[in-house]
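>>> What shape does this take:
(chains A, B, C and D, ligands or ions: 4)
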Number of protein chains: 2
Amino acid sequence: MDSMIRLTSNQRKVLEVLEQTGKPIGAYAILEKTGFRGAVQVYRALEKLIDLGLAQKLESLHAYIRVSPKDETELTAFAICDHCGHIHQLTEAREIRQLHECLAQMDFAVCRSVIEIHGACSTCVSSKRNK
Amino acid sequence: MDSMIRLTSNQRKVLEVLEQTGKPIGAYAILEKTGFRGAVQVYRALEKLIDLGLAQKLESLHAYIRVSPKDETELTAFAICDHCGHIHQLTEAREIRQLHECLAQMDFAVCRSVIEIHGACSTCVSSKRNK
DNA sequence: TGAAGAATGTTATGTTATAACATATCATTT
DNA sequence: AAATGATATGTTATAACATAACATTCTTCA
Ligand SMILES: [Zn+2]
Ligand SMILES: [Zn+2]
Ligand SMILES: [Zn+2]
Ligand SMILES: [Zn+2]
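Ligands and ions are numbered 1, 2, ... in the order given. Predicted coordinates for the structure are as follows:
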């Protein structure tokens, strides 16, 4: 992959942590796992990864997650299971596109979209029912 | 209004600040305006106001805003103009309902929905065009 | 009135994020 | 190679946001 080549050492380390973690992780937890000397190194690396579309911040969790670089930020929604921490990423959903179209009709120019739906995923819902 | 009667002195003060401000305001800015002795009083009041549906937090801004109590949290989206700070609140939009239905079909049980779309509002877009 | 509960006050601390500046690393030109 | 400039990293301090733990005051109603 071409974009990988551009990553610096710190950026690669953070990306690896995000991938190994597989779910949202806070900047200070990344700090521990990387062994960087300060939080600023984490935030600088995250900024770049987010720019490249390799990571995203979940605002309602103050945490960061690896995402597929092709997924357009503006058209992505996250369903966050508050029980198991599992993240379901909805990509290119028609519903999101329609929301944006609705805004476009109001002459609102979208540049960034934060869609984070909290709740319980199917696994957790059914495990609750069965006890 | 019936719900007003339940509010304590601190809660009323915070609500007034939110109303006078008319746009998102941070907890520590509320602290200054109310003259409370500590941040904790602000957060306690905000918690209650949010419970009552009188206020909401904008996660991506770390700020709080007055909302109409009838607006159901799960069905509300905010369009946030990053230029003028103006908030457009989309209530009961069909698009949001559809997004939730989409999640329901995945057996995801929604309990809280954070939808914050950043960009430029029509006023700001057109003022940019004209310079 | 005086106990119980609610609200507020106080202090300290935890958590997340950035500012400001110093140093190191690496490629390019001379 | 030495000088230059650009990018990356390190360091320290602090800003900004949020909660824990406990003390005091204020209501309320038996
Ligand atoms: Zn789950
Ligand atoms: Zn799940
Ligand atoms: Zn605007
Ligand atoms: Zn506007």
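>>> Which residue comes closest to the residue of chain A found nearest ligand 4 once chain neighbours are left out?
Ligand 4 sits closest to residue A:108 of chain A, with a gap of 7.7 Å, by C-beta to the ion. Just so you know, the C-beta spots here come from the backbone N, C-alpha and C atoms, and that holds for glycine as well. Nearest residue to residue A:108, sequence neighbours excluded (C-beta to C-beta, 6 or more residues apart in numbering or on different chains): residue B:79, at 5.1 Å.
>>> And the pLDDT for residue A:92?
pLDDT, residue A:92: 74.
>>> Quick one: residues contacting the residue nearest to residue A:104 when sequence neighbours are not counted.
Leaving aside its chain neighbours, residue A:104 sits nearest to residue A:110 (7.6 Å; criterion: C-beta to C-beta, 6+ apart). For residue A:110, the contact set (C-beta atoms under 8 Å, 6 or more residues apart in numbering or on different chains) comprises A:74, A:100, A:103, A:104, B:117, B:118, B:119.
>>> From residue B:109, how far out is residue A:14?
To residue B:109, residue A:14 is 33 Å away according to C-beta to C-beta, to the nearest Å.
>>> So between the two, which is more surrounded?
residue A:14 (31 against 18; other C-beta atoms under 10 Å in any protein chain shown).
>>> any idea how far residue B:13 is from the more buried one?
Taking C-beta to C-beta, one finds residue A:14 at 43 Å from residue B:13.
>>> same check, this time on residue A:55
40 Å.
>>> and the helix or strand where the residue nearest to residue A:108 lies, is it in reach of DNA strand D?
Assigned by DSSP states H and E, residue B:79 belongs to strand B:76-81. No - figure legend: strand B:76-81 not in contact with DNA strand D (C-beta under 7 Å from any atom of the strand); closest approach 14.5 Å.
>>> can you tell me the distance between the two ends of stretch A:57-72?
One end of stretch A:57-72 sits 14 Å from the other (C-alpha to C-alpha, to the nearest Å).
>>> Tell me which of residue A:55 and residue B:13 has more neighbours.
Applying other C-beta under 10 Å to residue A:55 and residue B:13 shows that residue A:55 carries more neighbours, namely 22 against 19.
>>> How about the more buried one: which residues does it bridge to?
Residue A:55 has these beta-bridge partners by DSSP bridges: residue A:66.
>>> Can you give me the pLDDT of it?
Looking at residue A:55, its pLDDT is 96.
>>> Would you quantify the distance from it to residue A:49?
Here residue A:55 is placed at a distance of 4 Å from residue A:49 (C-beta to C-beta).
>>> Which residues are in contact with each of these two?
A:14, A:15, A:18.
>>> Let me have these in CSV, adding pLDDT, secondary structure and distance to residue B:128 as columns.
Putting the shared contacts of residue A:55 and residue A:49 into CSV (pLDDT from 0 to 100; DSSP: H, G, I helix; E, B strand; the rest coil; distance: C-beta to C-beta, whole Å) gives the following:
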residue, pLDDT, secondary structure, distance to residue B:128
A:14, 97, helix, 35
A:15, 97, helix, 35
A:18, 97, helix, 36
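>>> partners of residue A:114 in the sheet?
Residue A:114 forms beta bridges with residue B:116, as assigned by DSSP bridges.
>>> Could you pull out the strands in chain A for me?
If DSSP state E is used as the criterion, the strands of chain A fall at A:55-58, A:63-66, A:76-81, A:87-91, A:109-120.
>>> So for ligand 3, which of those strands sits nearest?
That would be strand A:109-120 among the strands of chain A, by C-beta to the ion, at 9.6 Å.
>>> Okay then, goodbye and thanks.
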